[in-house]
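Asks: need a 3D model of the following:
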Amino acid sequence: MRALRTRAEVDAALAASGVIYKHSTRCPVSFDAYDEVARFALTHPDVPVHVVDVVLQRDLSQHIARVTGVIHQSPQVIVVQGGSVRWHASHYAITAAAMELHTELPEV
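Replies: Here you go, the predicted model:
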């Protein structure tokens, strides 16, 4: 998983395909969701998975909400395909299995 630290990095991730995970270090539910996202990332190393720390990078989190039209929540996962939001979820709906269902996985 790769941390997004600049607006340019966020814009590049949103223009491509992959997963953006919004994580809050102040929310216990976020740590459970982080484990699910990490599990997905480990089993699908060919899918880019990005992380935004919503506490330290509030402006980036708000930028993602503006650009995608997905109302901010944390924890939150946004699956992007070809520059469009394919699926998003928050809190306990974030599971590795759900991400697999909604992410276009490369053919093996």
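Asks: strands of the chain, start to end?
Replies: 2-3, 18-23, 49-53, 76-81, 84-90 (DSSP state E).
Asks: deepest of those, which one?
Replies: Per-stretch averages of neighbours, counted by mean count of other CB atoms under 10 Å, single out strand 18-23 among those, with a mean of 24. For every residue, glycine as well, the C-beta is placed using N, CA and C.
Asks: of the strands of the chain, which approaches G69 most closely?
Replies: The minimum distance between G69 and these falls on strand 84-90, with 7.4 Å, by CB to CB.
Asks: quick one, the closest one and strand 76-81 angle?
Replies: Angle, strand 84-90 to strand 76-81, by axes from the mean of the first three to the mean of the last three CA atoms, to 10 degrees: 160 degrees.
Asks: could you shift the numbering so residue one becomes 168, and keep it that way?
Replies: In the new count, where the first residue is 168, that last one comes out as strand 251-257.
Asks: what helices or strands is strand 251-257 leaning on?
Replies: On a contact count with 3 or more CB pairs under 8 Å, 6 or more residues apart in numbering; DSSP states H and E, strand 251-257 meets strand 243-248, helix 263-269.
Asks: gap between the shortest one and the chain center?
Replies: In terms of CA atoms, centre = their mean, to the nearest Å, the centre of strand 243-248 is found 5 Å from the chain centre.
Asks: good, we can wrap up now.
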